[in-house]
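Peer 1: My questions are about this predicted structure, shown below with the sequence.
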Amino acid sequence: MKYFLAFLLLCSHWLQAQNDTILSFEEYINYVKQFHPLAKQAQLKIEQGKAEVRKAKGAFDPKLESSYQEKDFKKIDYYDILDVKLKIPTWFGIDLTAGFEKNSGTFLNQERNVPKEGLFNAGATVDVFGLWINKRITTLKKAKIVAEQRGIEYQLLLNEVVFNAANAYFTWKNAYENRLLYQRFSNTAATRFKGIKASVAIGDKAAIDSVEAKIAVQNRQIALKQAEIDYQKARLDMETYLWTEDEIPLQTQDQIAPETILNTNTDAIFRLPNSSLELQQFISTHPKLALLNTKAKSLRIEKQLKVRELLPKLKVKYNFINPDVDDFDRYNTKEFKTGFTFAYPLFLRKERAALKLNSIKRESLDFETKSTSLQLTNKLNALAGNVGIYKEQLGLIEDAVINYQTLLKAEERKFEIGESSLFLINSREQKLINAQLKKNSVDFKLNATKALLYNGLGL
């Protein structure tokens, strides 16, 4: 299917007007999903989510740091300081550390005195109150939720593209069928005019009948011209959704025709619910509700961090030290570097306010979720009901078309034996045209409502 339309463009001289090549709705939609720029743009949401998770995971990347300072003045070696550190963050609030320092110099600070070969150290820094929840854990959890949100947003964006493309296809189909209808009746009116004109010439018909027949031809031609305008516009609108893999817009030919019987196919392609129970199941898993649920999850994780920030900040550091990293026997608890940092806001106004704001956001989101759920339920139930009504209406108008055709044929037979008039035939024919146009309109509304229901379900 990749080069299906391009092939048709190159080989259009093979096609005959009376034998149009069908561009099926399923082929068309698959083409839109794969190659339309907006569909590809929607795909970037997935990549964006993956990048955000990768960025958050960066907080757990090991970090190597080094610093070197040297001072020589008036031939005096003031100091020569080398400090190398390796820090390995873990999922919990513990950072594993290792380092090496080698210092020398006449005016070296006493606390920097180390053996001549240097001094190795290894240990850990523990965030006592952040073992289970801390900023980097929260950031990663929220990034994973954001990636989930991006997936949902991709689904909604692609759904919107498919919905607009489907409407363009249905409009094209409706315009195509209306044009065929006017072509057929325009040809019929022209043929009838020729016959009546011949009958007038031999005296079988009154001259006024040829005038009335010609008016009918003119009216049909005027309507056909408008149908041609509507068709060309609809075809061009439909073409805006057809692109190649190389992002080149495609152009179809007049010999490309839409699929004419869509009712069963659209049900299968759109995967619409078949019962009210199934509809409720679709609503319960609706992407918009899923998106709100992910926001709620993110706020709950954020709340855990806000509660954690009400506690004191206490970090404890402990490092073994040893001049020989290969001599493990020399490690002992009497040679170490240790310390801690402690902080606690006295009023906690910032932390309490942040927790309160989080609570307000969660409560507001809960109201939004309930409101959205009700709106979706009412809207989608109404659309599902409309689909059923349009199906019934389509059945009725199809029967009416058959009846109008029967009346027109009967009137034509009566006209042939002189028991009717051209006026009655034109009247019967116009009613048949109106009924057929109504059928096309209802068929369009049925398919468009299915597309709207599909769009509303976020499938």
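Peer 2: Right, received. Where do you want to start?

Peer 1: Quick one: distance of the host helix or strand of residue 150 to the chain centre.
Peer 2: Taking DSSP states H and E as the criterion, residue 150 maps to helix 135-202. Averaging C-alpha coordinates over helix 135-202 and over its chain gives two centres that are 18 Å apart (CA atoms, centre = their mean, to the nearest Å).

Peer 1: Can you check what angle separates the next helix or strand along the chain from it from helix 135-202?
Peer 2: Using DSSP H and E, the helix or strand that directly follows helix 135-202 along the chain is helix 207-239. What separates the directions of helix 207-239 and helix 135-202 is an angle of 160 degrees, with axes from the mean of the first three to the mean of the last three CA atoms, to 10 degrees.

Peer 1: that older thread, packing partners for the helix holding residue 150?
Peer 2: Identification of packing neighbours for helix 135-202 by 3 or more CB pairs under 8 Å, 6 or more residues apart in numbering; DSSP states H and E yields helix 25-35, helix 37-57, helix 207-239, strand 256-258, helix 287-308, helix 422-457. Using the backbone N, CA and C atoms, a C-beta is placed for each residue, glycine as well.

Peer 1: most tightly surrounded among these?
Peer 2: Looking across these with neighbours counted as mean count of other CB atoms under 10 Å, the highest average goes to strand 256-258: a mean of 21.

Peer 1: State the mean pLDDT of the helix holding residue 150.
Peer 2: The pLDDT scores in helix 135-202 average 90.

Peer 1: Following element in sequence after the one helix or strand in the chain whose mean pLDDT sits lowest, please.
Peer 2: Within the chain, confidence by mean pLDDT, DSSP states H and E is lowest for helix 4-10 among all helices and strands, at a mean of 38. Elements were assigned by DSSP H and E; along the chain past helix 4-10, the next helix or strand is strand 21-23.

Peer 1: What residues sit buried inside that next one?
Peer 2: Residues of strand 21-23 classed as buried: 21, 23 (neighbour count, 16 or more other CB atoms under 10 Å).

Peer 1: Strand partners (parallel or antiparallel) of it?
Peer 2: If you go by DSSP bridges, strand 21-23 pairs up with strand 256-258 (parallel).

Peer 1: OK, contacts around residue 444?
Peer 2: Residues counted as contacts of residue 444 (CB atoms under 8 Å, 6 or more residues apart in numbering) are 170-171, 173-174.

Peer 1: Contacts for stretch 82-96, please.
Peer 2: By CB under 8 Å, 6+ apart, the list of residues contacting stretch 82-96 reads 59-68, 97-103, 118, 123-132, 134, 136-137.

Peer 1: Go through the residues you listed and flag which are in helices.
Peer 2: Applying DSSP state H to those, the entries found in helices are 136-137.

Peer 1: Just the ones of the contacts of stretch 82-96 in strands?
Peer 2: With strands taken from DSSP state E, the overlap with the contacts of stretch 82-96 comprises 63-68, 97-103, 123-127.

Peer 1: Quick check, central residue of this structure?
Peer 2: residue 157 (2.2 Å; CA atoms, centre = their mean).

Peer 1: my guess is it contacts residue 38, does it?
Peer 2: Yes - using CB atoms under 8 Å as the test, residue 157 is close enough to residue 38 to be in contact (7.2 Å).

Peer 1: Please determine how far residue 123 is located from residue 131.
Peer 2: Applying CB to CB, to the nearest Å, one obtains 17 Å for the distance of residue 123 from residue 131.

Peer 1: Same check on residue 377?
Peer 2: Distance, residue 377 to residue 131, using CB to CB: 44 Å.

Peer 1: Could you look up the SS state of residue 366?
Peer 2: Under the three-state scheme (DSSP: H, G, I helix; E, B strand; the rest coil), the conformation of residue 366 reads as helix.

Peer 1: contacting residues around it?
Peer 2: residue 296.

Peer 1: Got the confidence number for it?
Peer 2: The predicted local confidence for residue 366 comes out at a pLDDT of 94.

Peer 1: neighbours of residue 417, just the number please.
Peer 2: 7 (other CB atoms under 10 Å).

Peer 1: Give me the phi and psi for it.
Peer 2: When quoted as degrees, to the nearest 10, the phi and psi of residue 417 stand at phi -100, psi 10.

Peer 1: ok, now how distant is it from residue 213?
Peer 2: 18 Å.

Peer 1: Ok, residue 259 next?
Peer 2: 36 Å.

Peer 1: How about residue 272?
Peer 2: If you measure residue 272 against residue 213 using CB to CB, the figure is 48 Å.

Peer 1: for residue 245, same thing?
Peer 2: 53 Å.

Peer 1: ok, now residue 358?
Peer 2: From residue 358 across to residue 213, the span is 80 Å (CB to CB).

Peer 1: what's the answer for residue 442, then?
Peer 2: Distance of residue 442 to residue 213, computed by CB to CB: 31 Å.

Peer 1: swap in residue 382?
Peer 2: 48 Å.
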